[in-house]
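# Could you work out the structure for the sequence below:
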Amino acid sequence: MVKSSMYSEKTNHLWYKYYGLFVRMYITYQQSYLSQINTRQTSF
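Now for the predicted structure:
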């Protein structure tokens, strides 16, 4: 019983870790994409 709870805790931690990483990558991608659009608009 204790082992299973520890295992679920570990997987949850890993899931949160990778989810946070994915969210950060997505946010940075969105920001860079938006900045590219802004620079294009200003160049015109």
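
# Residue 25: neighbouring residues, count only.
Counted with other CB atoms under 10 Å, residues neighbouring residue 25 total 10. Every C-beta, even on glycine, is put in place using the N, C-alpha and C of the backbone.

# need the contact list for it.
In this structure, residue 25 makes contact with no residue, judged by CB atoms under 8 Å, 6 or more residues apart in numbering.

# what about it, which helix or strand?
Take DSSP states H and E as the rule and residue 25 turns out to sit in helix 2-43.

# how close does residue 30 sit to residue 4?
The gap separating residue 30 from residue 4 is 38 Å, by CB to CB, to the nearest Å.

# actually residue 29, not the one I wrote
Distance of residue 29 to residue 4, computed by CB to CB: 37 Å.

# Also residue 34?
44 Å.

# likewise residue 23?
When distances are taken as CB to CB, residue 23 and residue 4 turn out to be 28 Å apart.

# Then residue 15?
From residue 15 across to residue 4, the span is 16 Å (CB to CB).

# Could you do residue 40 as well?
Applying CB to CB, one obtains 53 Å for the distance of residue 40 from residue 4.

# Same question for residue 22.
Residue 22 is 27 Å from residue 4, by CB to CB.

# Please apply the same query to residue 20.
25 Å.

# Repeat that for residue 25.
When CB to CB is applied, the distance between residue 25 and residue 4 equals 32 Å.

# can you check residue 38 too?
Between residue 38 and residue 4 the distance, using CB to CB, works out to 50 Å.

# and residue 6, how many neighbours does it have?
10.

# How much space separates the residue positioned nearest the centre of the chain from residue 17?
Nearest to the geometric centre of the chain sits residue 23, at 1.8 Å (CA atoms, centre = their mean). In this structure, residue 23 and residue 17 are 11 Å apart, going by CB to CB.
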